[in-house]
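[1] next one to model:
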Amino acid sequence: MDKKTLRKHYSDLRAKLSSQEMDSMSLAIANRLIELPIWKAQYYHLFLPIEQKNEINTEYILSIIQGKDKEVLVPKVVGAELKHYLLLDSTSLVVNKWGIPEPVDGIEIDPKKMDVVFVPLLAFDQQGHRIGYGKGMYDGFLAQCRDDVLKIGLSFFDAEEKFAEVFSSDIPLNYCITPDRIYKF
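    The predicted structure follows:
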């Protein structure tokens, strides 16, 4: 399947999930993350979910990161790219025109400081390639990070065998976490 077909297929699968199923699977993903050797890092980038697209509830992951006294960074869409802000108790969030909760303002952090990035996706394959919404924002952002940044996808569904379309600008994941499995690439 091409990327457009895969986007539609996985969007449709997500749309069929009940809120109870999504919540249960989101918690399972967060619990599985605890098994990864990533918790000595300091800066963790975490996307906040688009509720109307039935994205993974990242509040559980946020609780783990904050419980370990680490720094959490959240994205803000500015033009066609992402800026990254430290999430503090005083951070005000608003939902943008795409339904993404994002900080109004705050302390901006350079992508080179990030140690771990939790990456949203619609689908991924067994080689660690991901398919997002097609705007290229995360690939652009990941290209700005250090080479050793850990890129962790989060998915309700298992991997496709191999994508037919992979572009040179597509940045592969190091891990992808599903409710039932950890994929390492």
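
[2] quick one, phi psi at the residue lying closest to residue 165 once chain neighbours are set aside?
    With Cβ to Cβ, 6 or more residues apart in numbering as the criterion, residue 165 has its nearest non-adjacent residue at 5.3 Å, and that residue is residue 3. Using the backbone N, CA and C atoms, a C-beta is placed for each residue, glycine as well. Note on residue 3: backbone dihedrals following degrees, to the nearest 10 are phi -60, psi -40.

[3] what's around residue 3, how many residues?
    18 (other Cβ atoms under 10 Å).

[4] next one: residue 44
    When neighbours are counted by other Cβ under 10 Å, residue 44 registers 25.

[5] got it, and residue 18?
    Residues lying near residue 18 (other Cβ under 10 Å) number 9.

[6] with residue 171 instead?
    Using other Cβ under 10 Å, residue 171 has 19 other residues around it.

[7] over to residue 142?
    Residues near residue 142, counting by other Cβ under 10 Å, number 21.

[8] re earlier: show me what contacts the residue nearest to residue 165?
    With contacts defined as Cβ atoms under 8 Å, 6 or more residues apart in numbering, residue 3 is in contact with 131, 134, 163, 165.

[9] recalculate using a threshold of 7 Å.
    For residue 3, the contacting residues are 131, 134, 165, taking Cβ atoms under 7 Å, 6 or more residues apart in numbering as the criterion.

[10] and the second one, which of the three is it?
    Put simply, residue 134 is coil when judged by DSSP: H, G, I helix; E, B strand; the rest coil.

[11] buried set for stretch 29-47?
    Within stretch 29-47, the residues scored as buried using 16 or more other Cβ atoms under 10 Å are 29, 30, 32, 33, 38, 41, 43, 44, 45, 46, 47.

[12] between the two ends of it, how far is it?
    Distance across stretch 29-47, first residue to last, is 14 Å (Cα to Cα, to the nearest Å).
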